[in-house]
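# Take this sequence and fold it.
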Amino acid sequence: MRITTWNVNSIRTRVDRVIAFLERSGTDVLAMQEIKCKPDQFPTQAFEEAGYHVAVHGLNQWNGVAVASRLPIVEVRQEFPAQPTWGDPAVVEARALGVTVEDEAGQRTTVWSLYVPNGRELDNPHYPYKLEWLAALRAEARTWLEADPNARIALVGDWNIAPFDHDVWDMAAFEGATHVSEAERAAFFAFAEDGWMEVTRERVDNYTYWDYQKLRFPKNEGMRIDFVYASPSLAEAVRAAEIDRNERKGKGASDHVPVIVDVN
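Predicted coordinates:
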């Protein structure tokens with residue numbers, strides 16, 4: 001099975017590129033973030049014509065997550081228990097979608113498409129919201145492993161955290177900024193303390209995001225903020241990973257690129 005996570009930065013703008021990527025890459029399950037649309041606005045027909053089932057969670061023109069799967073979808077969960085709220089009025093944003101798929105042998109795998117809050121600035125209320133969101137996800141994810149240590153679960157998406165200094169092009173440019181703060185990094189690594197394994201790091205080393213401004217991509221001034229945390233059972237089945245840097249090239253590219261893992 002080939003699982004891909006990709007912050008597509010508006011699916012309606014980039015549907016043709018996404019479908020072309022699916023056909024070229026042989027992806028079986030695609031987790032998308034920042035789709036920026038409601039379910040009835042999602043280009044479902046294009047995915048179905050390409051042979052994919054689709055699950056969508058979006059509330060407005062911001063955020064939003066979706067999963068497209070060539071395998072049958074047997075369960076869909078919007079949000080996770082105790083997911084924090086944001087805004088006025090406060091709502092549970094469309095930042096998490098869990099989809100369980102089943103292969104021909106009856107083996108089930110759950111993929112959570114996650115769009116972690118940005119945090120904005122260290123003194124912005126969005127920053128403690130981000131940390132609260134990550135803590136709530138960790139607490140809930142821990143219960144999944146406790147309930148079934150053999151469960152095949154992937155927590156994938158745009159984590160909006162650069163865990164190591166070399167995950168950004170210049171740490172000096174991020175002094176006093178989000179994404180690299182000690183608290184954010186601690187929140188990211190806390191998942192490993194519970195048994196989750198980030199399965200791309202040891203197999204591929206590249207950035208996954210380049211801002212549109214200041215010629216960041218041509219200068220290779222990027223960040224690595226998109227990751228795949230796998231449950232122990234799923235991590236054992238991972239046999240390869242890659243980051244498709246070429247998807248940042250050309251007209252109409254997202255500012256993120258696909259992160260791909262192959263599992264048995």
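# Now do the end-to-end distance for stretch 113-122.
25 Å (CA to CA, to the nearest Å).
# List the buried residues for it?
113, 114, 115, 116, 117, 118, 119 (16 or more other CB atoms under 10 Å). C-beta: built from backbone N, CA, C; applies to glycine.
# and the closest residue to residue 38 other than its chain neighbours, what does it touch?
Beyond its immediate neighbours in the sequence, the residue positioned closest to residue 38 (CB to CB, 6 or more residues apart in numbering) is residue 58, lying 4.9 Å away. Applying CB atoms under 8 Å, 6 or more residues apart in numbering to residue 58 gives the contacts 35, 36, 37, 38, 39, 41, 42, 64, 65, 66, 94.
# Among these, which ones are in strands?
65, 66 (DSSP state E).
# how about the contacts of residue 58, which pair is most distant?
41 and 65 (14.0 Å; CB to CB).
# Pick out whichever of the two has more residues nearby.
A count of neighbours by other CB atoms under 10 Å puts residue 65 above the other of residue 41 and residue 65, at 29 against 16.
# May I have the lengthiest helix in the chain exported as CSV, CA atoms only?
With secondary structure taken from DSSP state H, the chain has its longest helix at helix 126-147. Coordinates of each C-alpha in helix 126-147 appear next as CSV, following Å, rounded to 0.1, in the frame of the first residue of the first chain:
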residue,chain,number,x,y,z
HIS,A,126,-3.1,30.7,18.4
TYR,A,127,0.2,29.5,19.9
PRO,A,128,-1.3,28.0,23.1
TYR,A,129,-4.2,26.7,21.0
LYS,A,130,-1.6,24.8,18.9
LEU,A,131,0.0,23.3,22.0
GLU,A,132,-3.4,22.4,23.5
TRP,A,133,-4.4,20.8,20.2
LEU,A,134,-1.2,18.7,20.0
ALA,A,135,-1.6,17.6,23.6
ALA,A,136,-5.2,16.6,23.1
LEU,A,137,-4.3,14.6,19.9
ARG,A,138,-1.5,12.9,21.8
ALA,A,139,-3.8,11.9,24.7
GLU,A,140,-6.3,10.5,22.3
ALA,A,141,-3.8,8.7,20.1
ARG,A,142,-2.3,7.0,23.2
THR,A,143,-5.7,5.4,24.0
TRP,A,144,-5.7,4.0,20.4
LEU,A,145,-2.5,2.2,21.1
GLU,A,146,-3.6,1.0,24.5
ALA,A,147,-6.8,-0.3,23.1
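# Now for the residue nearest the centre of the chain: which residues touch it?
Nearest to the mean C-alpha position of the chain, by CA atoms, centre = their mean, lies residue 157 at 0.8 Å. Residues in contact with residue 157 (CB under 8 Å, 6+ apart) are 5, 7, 31, 33, 65, 112, 113, 114, 115, 116, 226, 227.
# those strands in the chain, which residues are they?
Using DSSP E, strands in the chain cover 2-7, 29-33, 53-57, 65-69, 73-78, 96-102, 108-115, 153-158, 197-198, 226-230, 238-243, 259-263.
# Many thanks, I have nothing further to ask.
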